[in-house]
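K.L.:
using only what follows, build the 3D model:
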Amino acid sequence: MARVRREFAVRLGEFRRTAVLVPVDERGVPLTGDHGGVRWIFAFSGEAALARYALARGEGDRVWAYQGWLGARLLDAAVPAVGVPCGVALDVGGAGVLFPPVAGVVPDGVAVDVAGWRGVAK
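P.N.:
Numbering: from 1, shown residues only. From the prediction side, this is the model:
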């Protein structure tokens, strides 16, 4: 278990320092999906990963608008702004990773495993 936690911590650190692609709608709102009581912001490691997702959805022929976000900005600013339990799904539909709304990943004020979760950052 300790090895898995260390590997996740390394992956989290890499994600926080990396720019990722976040698909957005016409208003600039990030693409999200809800699963298991959590809203997930979809992020992709590059255009190839986003293209695989688009093809899997049967939407490979449309133009996908996206913004570049630093992983840390997604976790520290975007997640708290959602107002419901929220995490980030990197490369959803592929060999990705989930960054759940828990302490050590997102700010404590929006972490679901911290007593007194209020849905807003402190």
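K.L.:
residues near L70, how many?
P.N.:
15 (other Cβ atoms under 10 Å). Backbone N, C-alpha and C define where each C-beta goes, glycine included.
K.L.:
OK, contacts around it?
P.N.:
Residues in contact with L70, defined by Cβ atoms under 8 Å, 6 or more residues apart in numbering, are R16, R17, T18, A19, V20.
K.L.:
and which of the residues you listed is nearest to V110?
P.N.:
Of all those, V110 sits closest to R16, with 15.9 Å by Cβ to Cβ.
K.L.:
on the pLDDT front, check the closest one for me.
P.N.:
Looking at R16, its pLDDT reads 98.
K.L.:
what residue is smack in the middle of the chain?
P.N.:
For the chain, the residue nearest the mean C-alpha position is V88 (1.6 Å; Cα atoms, centre = their mean).
K.L.:
which SS class is F42?
P.N.:
Per DSSP: H, G, I helix; E, B strand; the rest coil, the secondary structure class of F42 is strand.
K.L.:
I'd say it and V29 touch.
P.N.:
No: F42 is beyond contact range of V29, at 11.7 Å (criterion: Cβ atoms under 8 Å).
K.L.:
who has more neighbours, these two?
P.N.:
A direct count of neighbours by other Cβ under 10 Å for F42 and V29 places F42 higher, at 22 against 10.
K.L.:
residue contacts, that one?
P.N.:
Residues near F42 by Cβ under 8 Å, 6+ apart: V22, P23, P30, L31, T32, G33, Y53, A89, V92.
K.L.:
would you list the buried entries among the residues you listed?
P.N.:
Buried subset of the contacts of F42 (neighbour count, 16 or more other Cβ atoms under 10 Å): V22, P23, P30, L31, T32, Y53, A89, V92.
K.L.:
which of these lies closest to L12?
P.N.:
For the buried ones among the contacts of F42, the minimum distance to L12 (Cβ to Cβ) is 13.7 Å, reached by A89.
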